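Student: Okay, here's the prediction I keep looking at, along with the sequence it came from:
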Amino acid sequence: MRTKWLRPLLCSVPLSFTALCAQANDFPTKPIHLVVGFAPGGASDIVARLLQPELQKRLGQPIVIDNRPGANGNIANEVVARAEPDGYTLLLGNPGPLVFNPFLYKQVPVDPAKAFAPVTQITESPMVIVVPAKSPLNSVADLVSRAKSKAGGLSYGSAGNGSSMHLAGATLQMRTGASLVHVPYKGSGPAITDLLGGQLDFMPDSRSTTMPFIRDGRLRPLAVTGDRRVADLPDVPTVAEAGVPNFKVTTWLGIVAPAGTPQPVVKRLHEAFSHALKQPAVKSRLEELGTYVLGSTPEAFARAMDQERQEARLLVQQTGMKIE
């Protein structure tokens, strides 16, 4: 009796596996939607549209950019997590929605550690800590010393709660014991305006945003937040070189698919993104935007996010960061 009931089930397994393999080998056969959790014109959207033509050539199908801004990327996370795990809906995400949000919000719609299959980390971007040109602060040591001695500490701006700039400032505070006051803005632009006007003491921000003001002398760089110096600011030390050991806070962009996406499809997608990133025009433009080009394997990207989640949990616990 048991054999009679099991036989149809067992027989269906190889057929399903064969069908799955055939589907993966034919991939893609229709347009692919690349969901971006931020508004058009932002850094994430710019990178998505830069990669779009090369991906279309490599995969032979249209790549549709689908902007779903809101809730620090949580809306886009949910859209992709609920999609069919067939490789036709992807997410271009950053550390906020893919790593930090579960620790910053009381509740998130999906757990990114379980909801997604990593495809590749495409870029990594160190930030630069800048002060107004007239600031008396000439180094990270000056900044930390002043923040410890001044009543009320020093203020810094960011593009919003949970942004990479916020994380950089919070990490600096945690590692040094400096008294730093975070002032969130609705975007980097307004924060830079107040920094230039003297309403803020310093700010960690992207090089693509700060370089025009560094070049015209209105902002002065103190340090970069990565683990190595950058080509366009060769004389500016890393924060670690400036006296805060093991300091590294970068922002990055990566591609994930819904959990359960077949490995052959993930492999095909990784190959397409890796190829696009190697194209000279794409690579040079990304470097102009102040990013390192990566194209890591799915396994390496998964390990990197797991490590960041461990660090994020500790950072949030020790600093009390949260988003209401």
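Tutor: Structure's in. What do you need?
Student: Which of the three states applies to the residue nearest to residue 39 when sequence neighbours are not counted?
Tutor: Leaving aside its sequence neighbours, residue 39 sits nearest to residue 69 (C-beta to C-beta, 6 or more residues apart in numbering; 4.5 Å). Every residue, glycine included, has its C-beta placed from N, CA and C. Secondary structure state of residue 69, per DSSP: H, G, I helix; E, B strand; the rest coil, is coil.
Student: Model confidence score at residue 69, please.
Tutor: On pLDDT, residue 69 comes in at 88.
Student: where does it fall, phi/psi-wise?
Tutor: phi -70, psi 160 (degrees, to the nearest 10).
Student: so it makes contact with residue 35?
Tutor: No. Assessed by C-beta atoms under 8 Å, residue 69 is found out of contact with residue 35, at 10.6 Å.
Student: what do these two both touch?
Tutor: Shared contacts of residue 69 and residue 35 (C-beta atoms under 8 Å, 6 or more residues apart in numbering): residue 76.
Student: neighbour count winner among the two?
Tutor: Neighbour totals were compared for residue 69 and residue 35, and residue 35 leads with 24 against 16 (other C-beta atoms under 10 Å).
Student: which element is that one on?
Tutor: Element membership for residue 35, per DSSP states H and E: strand 32-36.
Student: following that strand, which helix or strand comes up?
Tutor: helix 43-59.
Student: Run through the strands of the stretch 51-200 of the chain in chain order.
Tutor: 63-67, 89-93, 116-132, 154-158, 180-184 (DSSP state E, counting those that start in this stretch).
Student: Provide a list of residues in contact with the nearest residue to residue 213 once chain neighbours are set aside.
Tutor: Once flanking residues are discounted, residue 213 sits nearest to residue 219: 4.1 Å by C-beta to C-beta, 6+ apart. By C-beta under 8 Å, 6+ apart, the contact list for residue 219 reads 130-133, 195-196, 210, 213.
Student: Can you show me the CA trace of stretch 249-261 as PDB?
Tutor: Output in PDB follows, covering the C-alpha atoms of stretch 249-261 (Å, rounded to 0.1, in the frame of the first residue of the first chain):
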ATOM      1  CA  VAL A 249      32.500  52.000   7.200                       C
ATOM      2  CA  THR A 250      31.600  51.900   3.500                       C
ATOM      3  CA  THR A 251      28.500  51.900   1.500                       C
ATOM      4  CA  TRP A 252      27.900  49.400  -1.200                       C
ATOM      5  CA  LEU A 253      25.500  48.100  -3.800                       C
ATOM      6  CA  GLY A 254      24.600  44.500  -4.400                       C
ATOM      7  CA  ILE A 255      22.200  42.300  -6.400                       C
ATOM      8  CA  VAL A 256      19.900  39.700  -4.700                       C
ATOM      9  CA  ALA A 257      17.100  37.500  -6.000                       C
ATOM     10  CA  PRO A 258      14.200  35.900  -4.100                       C
ATOM     11  CA  ALA A 259      15.200  33.000  -1.900                       C
ATOM     12  CA  GLY A 260      14.800  29.700  -3.700                       C
ATOM     13  CA  THR A 261      16.000  31.000  -7.100                       C
END
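Student: Report the buried residues of that stretch.
Tutor: 249-259, 261 (16 or more other C-beta atoms under 10 Å).
Student: Just the ones in strands from those, please.
Tutor: 250-258 (DSSP state E).
Student: And those, which is closest to residue 80?
Tutor: residue 258 (6.0 Å; C-beta to C-beta).
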